[in-house]
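Engineer: fold the following.
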Amino acid sequence: MQTPTRSTLAWLLQIAYTTARLFTRNGMQNHAAATAFYFLLSATPLVLLMSYALQWLAHLAENSRPATILMAALYAQLHLDALGALGFIPGKTRLTAGSVSFFTLLLSSRGLVTAVQNAFRVIFPDERRRGLVVSWTLPFVILPLLFLLILLSALAQATLDFLAQNQLIGHANAALLGSLNGLLGFLVIGGLIFVAYWRLPERRPGARAAALFALGATLSLIALFAVFRAFFKLENYNGIYGALGSVVFVLIGAYLAFLIFYVWAQALYAYGKSDVTALEKLFLASHGAGATRLESYVFADTNRLLEKYGRVFVAGETIIREGDTTQTTYFLYAGRAAVYKDGPDGARRIGTLEEGELFGEMAYLLGEPRTASVIAETDVTVLELPPATFEELMRSSAPLARRVVDVLCQRLERMNLASAGQTGA
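Structural biologist: Modelled structure (predicted):
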């Protein structure tokens, strides 16, 4: 008997393996690249807004000392001189022309949200679709709010760093305010990821699970930003790509960020399907279905399934009674059972169930009472699958669905032969 800790580690390994397999099969690298591209296009309205804000701030700075400090902080901490020289911040002569295409640029923001939604439809497959009104209005609500929150957090942090460096406020106060601002940024990013994980899938996961995986994604993004700050320098990209260095730098960062975002979303889906995936591997392995050596190792632990779905019947105990209206499906994990059907002369044995066989599915699939009784011949251990779990198994695994149909046809044929033999007698 494995310890709970070892069983939990085996379960986490199964989730990690399923996440990696689905992530690769779904081509999420391509979705991350497409989303990063749309993110780069959608950031242009933010640059235009910054341009307007800078002109307004420059006007205020003529008569306002706080505005002058804020203006100096932005230029010093965000390197706005360099961005202006590279053309990221349009000058006065280009600002009017840029504002004309503002609506077009907002449409590119819709492309960003659409890219995320398409990726989530692949990660969380479902046949339902959102309404047309929601699909078109969602980007114009989410993205302005997202960019505004990010901009405010960046501006606050830049101002605090400038004030601390120039000794305009005490270092203790700057550290405290910086920590509060960092916490606020963490909550904003984590909250946005949580809302995406919880509300974007059509079949929504639990709020607790969504919050847990959103926390993991947020911490991973913070680690990514720290690595970028330590090892990736904008000057290096400018030296290689020239004026396009900044674009390449942002594009690479956005790609890695969305890659992390989608990895944790795929892990959330794998977490919700962990039971179904493990049951599928167990059933197919029992029928001799080919599995890789890695899959055999990852899904070798069945203790968690036995604890959740397992039930023991002693020899002679009835597992299924003919005529019952229950719809539970059973998997014979260990032991042997016999199948009996009532007749004029009493119960007649019509078959035997060995380890690894699925039974009891006819009542659910046909929507009818039990057509035979199943009695344990030895002490047996079965996995009891509720109708919802069995339905999810059938929907998620085409190989398993084919095997269930094959077994169902064979069973119907045996019952017909048994009924014919009984009639002939």
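
Engineer: mind checking the SS state of residue 349?
Structural biologist: The three-state label given to residue 349 by DSSP: H, G, I helix; E, B strand; the rest coil is strand.

Engineer: that one reaches residue 339, doesn't it?
Structural biologist: Yes: using Cβ atoms under 8 Å, residue 349 makes contact with residue 339 at a distance of 7.1 Å. The way it works is simple: take the backbone N, C-alpha and C, and place the C-beta from them, glycine included.

Engineer: domains in this structure, as residue ranges please.
Structural biologist: According to automatic domain parsing, the chain is divided into the following domains: 15-272, 276-424.

Engineer: let me know whether my guess that residue 333 is in a strand holds.
Structural biologist: Yes: under three-state DSSP, residue 333 sits within a strand.

Engineer: low-confidence ranges, the stretch 301-425 of the chain, go.
Structural biologist: Within the stretch 301-425 of the chain, the segments meeting pLDDT under 70 span 411, 414-425.

Engineer: local confidence estimate at the residue nearest to residue 397 when sequence neighbours are not counted?
Structural biologist: Leaving aside its sequence neighbours, residue 397 sits nearest to residue 280 (Cβ to Cβ, 6 or more residues apart in numbering; 4.6 Å). Residue 280 carries a pLDDT value of 87.

Engineer: and what about residue 323, helix, strand or coil?
Structural biologist: coil.

Engineer: could you list every residue that touches the closest residue in space to it that isn't next to it in sequence?
Structural biologist: Among residues not flanking residue 323 along the chain, residue 369 sits closest, at 5.2 Å (Cβ to Cβ, 6+ apart). Residue 369 makes contact with 322, 323, 324, 325, 363 under the criterion Cβ atoms under 8 Å, 6 or more residues apart in numbering.

Engineer: residue 399: neighbouring residues, count only.
Structural biologist: 12 (other Cβ atoms under 10 Å).

Engineer: before we move on, what about residue 204?
Structural biologist: For residue 204, the count of nearby residues is 12 (other Cβ under 10 Å).

Engineer: now residue 189
Structural biologist: Residues near residue 189, counting by other Cβ under 10 Å, number 20.

Engineer: hmm, it is touching residue 220, no?
Structural biologist: No: contact criterion Cβ under 8 Å: residue 189 and residue 220 do not qualify, at 11.0 Å.

Engineer: would you map the helices across the stretch 201-350 of the chain?
Structural biologist: For the stretch 201-350 of the chain, the helices defined by DSSP state H, counting those that start in this stretch occupy 207-231, 234-241, 245-272, 274-286, 293-298, 303-309.

Engineer: so for residue 39, which of those helices sits nearest?
Structural biologist: Smallest distance to residue 39 across these (Cβ to Cβ): 4.7 Å, for helix 245-272.

Engineer: that closest one packs against which elements?
Structural biologist: Helix 245-272 sits against helix 4-25, helix 28-42, helix 102-123, helix 171-199, helix 207-231, helix 234-241, with contacts defined as 3 or more Cβ pairs under 8 Å, 6 or more residues apart in numbering; DSSP states H and E.

Engineer: distance to residue 335 added to these, as a markdown table?
Structural biologist: Listed next are the helices and strands packed on helix 245-272 as a markdown table, based on distance: least, Cβ to Cβ, whole Å:
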| stretch | distance to residue 335 |
| --- | --- |
| helix 4-25 | 23 |
| helix 28-42 | 43 |
| helix 102-123 | 39 |
| helix 171-199 | 42 |
| helix 207-231 | 35 |
| helix 234-241 | 65 |
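
Engineer: residue 297: which of the ones you listed is closest?
Structural biologist: Once the helices and strands packed on helix 245-272 are compared by Cβ to Cβ, helix 4-25 is nearest, at 8.8 Å.

Engineer: can you give the contact residues for the closest one?
Structural biologist: 2, 123, 262-263, 266-267, 269-271, 273-274, 277-278, 294-295, 298-301, 303-304.

Engineer: list buried members of the residues you listed by neighbour count.
Structural biologist: 123, 262-263, 266-267, 269-271, 273-274, 277-278, 295, 298-299, 301, 303-304 (16 or more other Cβ atoms under 10 Å).

Engineer: any figure for the gap between residue 335 and residue 42?
Structural biologist: Taking Cβ to Cβ, to the nearest Å as the criterion, residue 335 is separated from residue 42 by 60 Å.

Engineer: more neighbours, those two?
Structural biologist: Using other Cβ under 10 Å, the more surrounded residue of residue 335 and residue 42 is residue 42, with 24 against 19.

Engineer: on the pLDDT front, check that one for me.
Structural biologist: At residue 42, pLDDT is 71.

Engineer: and if you look at the one 3 residues further on?
Structural biologist: pLDDT for residue 45: 59.

Engineer: and what of the one 4 residues further on?
Structural biologist: As summarised for this prediction, residue 49 has a pLDDT of 59.

Engineer: with residue 152 instead?
Structural biologist: You'll see residue 152 listed with a pLDDT of 66.

Engineer: swap in residue 243?
Structural biologist: pLDDT, residue 243: 59.

Engineer: cool, and residue 261?
Structural biologist: Reported pLDDT at residue 261 in the predicted model: 96.

Engineer: now swap in the one 5 residues further on and tell me
Structural biologist: Looking at residue 266, its pLDDT is 96.

Engineer: surely residue 330 is in contact with residue 389?
Structural biologist: No: the pair residue 330 / residue 389 is not scored as a contact, 11.9 Å apart, by Cβ under 8 Å.

Engineer: more neighbours: which of these two?
Structural biologist: Each of residue 330 and residue 389 has its neighbours counted (other Cβ under 10 Å); residue 330 has more, 24 against 18.

Engineer: for that one, give me its contacts.
Structural biologist: Neighbours of residue 330 in contact, by Cβ under 8 Å, 6+ apart: 319, 320, 358, 359, 360, 374, 382, 383, 384, 385.

Engineer: are any of those residues buried, and which?
Structural biologist: Judged by 16+ other Cβ under 10 Å, buried ones among the contacts of residue 330: 319, 320, 358, 359, 360, 374, 382, 383, 385.

Engineer: I'm done for today, thanks for sticking with me.
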